[in-house]
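Asks: sequence? don't have it. structure:
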């Protein structure tokens, strides 16, 4: 028996080391499949590798619910500085559910050219200028009339920029932060300003001249605002900007059918025998059991992952105050069934019902069901039982 102990620990360490390794899945661009068409791993982290051209500097792998209903997660790879590698490797941290299907989109980004950068800046500036021109007009009481509040206008301007940048990414993965409070304050000042600040002609009774002066004043204030807007916009798009070069859509891709873990519990618990709170009769002892979790995929809710159906047997019989032995039917030891909750990584709290049977000379053989409470250490084993 002693000779087998080193072999046992060697096998355990081998299993632990194999579990610690992160799997690598290869994406085949031409066929739009992973690992030759095999399902994706479920309930674990994994790497996705694939080929890229020398001009590709960013790869995004987007995960969606079926029919591209909702984006769940995005993994990305950014080409290291001075790297000439023709392979990307992205760590996929979202743990997929077993026996499910997902939609994926793999996006490839390259640097924008000077012409593309100039065109993008011009398009965004023109769109913002048109919006401001339509939103700020002259009112009858010599105020500048706004189509909506400054806060809503600022939000609309941010949306215009974000919509225009849909196909673009920053190499540093910095999203457009939105226009600053300086722009908001300037919009508020414009909303509160009166056109009487404009210098009218000496003949204020001339409506045509007054209208021309007001129009010039409005134009000047809009241009001053637009200069600030352009400055903040260029500060962002002057960064290392990438543009979508190619995209692969993969719908209804399956995941692996995972194996259910069976957890072995070795613990210590107490069993209520009889009596009131002030005169409580109980016994305690060590027990050995198993736990079957309600949820086997780690992407499920935490509560259900940690909750399990527990069953096991106490390693010794109990004894009441009269000296009678409390065993269990059939197996000759008390056994229990209940629920267990994993409070810590290796610690599970168990509560349930224990089946007892008195075995003394004068004892009846009636079955007695008594509540118990225990704490156990848990070791998870994969025994190859399919879901």
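Replies: Now that the structure is in, tell me what you want to look at. Not measured: the values here are computed from a predicted model.
Asks: use CA for all of it now, contacts and neighbours both
Replies: Will do.
Asks: quick one: residue 121 and residue 184, what's the gap?
Replies: To residue 184, residue 121 is 21 Å away according to CA to CA, to the nearest Å.
Asks: again, but for residue 332
Replies: From residue 332 across to residue 184, the span is 79 Å (CA to CA).
Asks: Same question for residue 303.
Replies: 45 Å.
Asks: And residue 133, by the same measure?
Replies: Distance from residue 133 to residue 184, by CA to CA: 16 Å.
Asks: and if you look at residue 311?
Replies: Distance, residue 311 to residue 184, by CA to CA: 64 Å.
Asks: same check, this time on residue 330
Replies: Distance, residue 330 to residue 184, by CA to CA: 79 Å.
Asks: same question, residue 107
Replies: Distance from residue 107 to residue 184, by CA to CA: 35 Å.
Asks: contacting residues for residue 255?
Replies: 39-42, 96-102 (CA atoms under 8 Å, 6 or more residues apart in numbering).
Asks: just for the stretch 101-250 of the chain, where's the confidence low?
Replies: Counting by pLDDT under 70, the stretch 101-250 of the chain has low-confidence residues at 138-144, 193-207, 210-211, 214, 239.
Asks: Tell me where it has helices.
Replies: 114-135, 150-164, 181-192, 207-237 (DSSP state H, counting those that start in this stretch).
Asks: Can you give the distance from the third one to the centre of its chain?
Replies: Relative to the mean C-alpha coordinate of its chain, helix 181-192 is positioned 37 Å out (CA atoms, centre = their mean, to the nearest Å).
Asks: which residues does the closest residue to residue 107 other than its chain neighbours contact?
Replies: Nearest residue to residue 107 in three dimensions, chain neighbours excluded: residue 247, at 4.4 Å (CA to CA, 6 or more residues apart in numbering). Counting by CA under 8 Å, 6+ apart, residue 247 touches 105-108.
Asks: Equivalent analysis for residue 49, please.
Replies: Residue 49 is in contact with 24-27, 87-90, counting by CA under 8 Å, 6+ apart.
Asks: give me that answer again for 6 Å
Replies: Residues in contact with residue 49 (CA atoms under 6 Å, 6 or more residues apart in numbering) are 26-27, 88-89.
Asks: Next: residue 86.
Replies: 51-53.
Asks: can we see that at 10 Å?
Replies: 50-56, 79 (CA atoms under 10 Å, 6 or more residues apart in numbering).
Asks: I'd guessed residue 288 sits against residue 314; true?
Replies: Yes - here residue 288 reaches residue 314: they are 6.3 Å apart, a contact under CA atoms under 10 Å.
Asks: Now do the shared contacts for the two.
Replies: Common neighbours of residue 288 and residue 314 (CA under 10 Å, 6+ apart) are 266-268, 335-336.
Asks: Ranking by neighbours, what's the top pick from those residues?
Replies: For those, the largest number of neighbours (other CA atoms under 10 Å) sits with residue 336, at 26 neighbours.
Asks: what's the most distant pair in the contacts of residue 86?
Replies: Using CA to CA, the two most remote members of the contacts of residue 86 are 50 and 55, lying 14.6 Å apart.
Asks: how about the strands in the stretch 251-387 of the chain?
Replies: 259-274, 281-293, 307-314, 318-319, 325-327, 335-342, 347-358, 367-386 (DSSP state E, counting those that start in this stretch).
Asks: who does the fourth one pair up with?
Replies: Sheet neighbours of strand 318-319, with direction, are listed as strand 325-327 (antiparallel) (DSSP bridges).
Asks: Sort out which one of the contacts of residue 247 lies nearest residue 343 for me.
Replies: residue 105 (37.7 Å).
Asks: Verify the stated contact: residue 294 with residue 262.
Replies: No - contact criterion CA under 10 Å: residue 294 and residue 262 do not qualify, at 11.2 Å.
Asks: between the two, who's got more neighbours?
Replies: Relative neighbour count places residue 262 above the other of residue 294 and residue 262, with 20 against 15, counting by other CA under 10 Å.
Asks: Now do the contacts for residue 352.
Replies: 271, 309-311, 336-340, 369-374.
Asks: what residues are up against the residue lying closest to it once chain neighbours are set aside?
Replies: Closest residue to residue 352 apart from its sequence neighbours, by CA to CA, 6+ apart: residue 338 at 3.8 Å. Residue 338 is in contact with 291, 308-312, 350-354, 371-373, counting by CA under 10 Å, 6+ apart.
Asks: Can you tell me which of these comes closest to residue 277?
Replies: residue 371 (14.0 Å).
Asks: what's near enough to touch the closest one?
Replies: 270-273, 336-338, 351-355.
Asks: how about these in CSV, adding distance to residue 192 and pLDDT?
Replies: Formatted as CSV, the contacts of residue 371 follow (distance: CA to CA, whole Å; pLDDT from 0 to 100):
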residue, distance to residue 192, pLDDT
270, 76, 89
271, 77, 91
272, 77, 86
273, 81, 85
336, 76, 92
337, 74, 93
338, 70, 92
351, 68, 92
352, 71, 92
353, 74, 92
354, 78, 93
355, 81, 90
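Asks: Going by distance to residue 253, which of those residues wins?
Replies: Using CA to CA, these come closest to residue 253 at residue 338, 37.9 Å.
Asks: Just the ones of the contacts of residue 247 in strands?
Replies: 105-108 (DSSP state E).
Asks: How many residues are close by residue 87?
Replies: Count around residue 87 with other CA under 10 Å applied: 12.
Asks: Could you count how many residues lie near the nearest residue to it once chain neighbours are set aside?
Replies: Once flanking residues are discounted, residue 87 sits nearest to residue 51: 4.4 Å by CA to CA, 6+ apart. By the measure other CA under 10 Å, the count of residues near residue 51 is 15.
Asks: tell me the contacts of the nearest residue to residue 308 once chain neighbours are set aside?
Replies: Once flanking residues are discounted, residue 308 sits nearest to residue 293: 4.0 Å by CA to CA, 6+ apart. For residue 293, the contacting residues are 260-263, 304-310, 339-342, by CA under 10 Å, 6+ apart.
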